[in-house]
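Participant: The following comprises the amino acid sequence and a computationally predicted model.
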Amino acid sequence: MLVLTFQLENDVRYKPTIVLVHGAFADSSSWNGVVEILEKDGFTVVTAANPLRGVRSDGDDIAGVLSSIKARSFSSAIPMAGR
C-alpha cells in the first residue's frame, strides 16, 4: 500500500496545476525561475498573462484560465500565486 501511495503522489496526473500571475510592472517571464523549480518537481505550471486593464477585466481573464485548467485536470485544487 505504501508503494502505491508513493507512486500516486509522484504521478504528474495527480499533482495540481500551479497558476502564477504577474502584477504591474512585470510580465509572465518574471516567474521563469519559479517555473523551472516547480517543473523539476513534476508540477505543471501555467503563467497566466495578466492584461492589467482593470480589476474586473483582469479577474475575468484569470478566471477563464482557471476554468480551462479545471476542465482538464485530475486534481480538484489549483494553487495560485501572484505578485
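Facilitator: Sure, I can see it.

Participant: just the helices in the protein please.
Facilitator: For the chain, helices defined by DSSP state H occupy the ranges 2-9, 32-40, 55-71.

Participant: Of all those helices, which one is nearest Pro16?
Facilitator: helix 55-71 (9.1 Å; CB to CB). C-beta coordinates here come from the backbone N, C-alpha and C atoms, glycine included.

Participant: Which residues does the closest one contact?
Facilitator: By CB atoms under 8 Å, 6 or more residues apart in numbering, the residues outside helix 55-71 that reach it are 17, 19, 21, 46, 48-52, 78, 80.

Participant: Can you pull out the low-pLDDT segments for this structure?
Facilitator: Within the chain, the ranges that satisfy pLDDT under 70 run 1-13, 74-76.

Participant: do that again at 80, thanks
Facilitator: Applying pLDDT under 80 to the chain flags the ranges 1-14, 72-77, 80-81, 83.

Participant: For Thr44, give the beta-bridge partners.
Facilitator: Beta-bridge pairing for Thr44 (DSSP bridges): Thr17.

Participant: Export the helices of the chain to CSV and append columns for distance to Ala26.
Facilitator: Below are those laid out as CSV (distance: least, CB to CB, whole Å):
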stretch, distance to Ala26
helix 2-9, 32
helix 32-40, 11
helix 55-71, 13
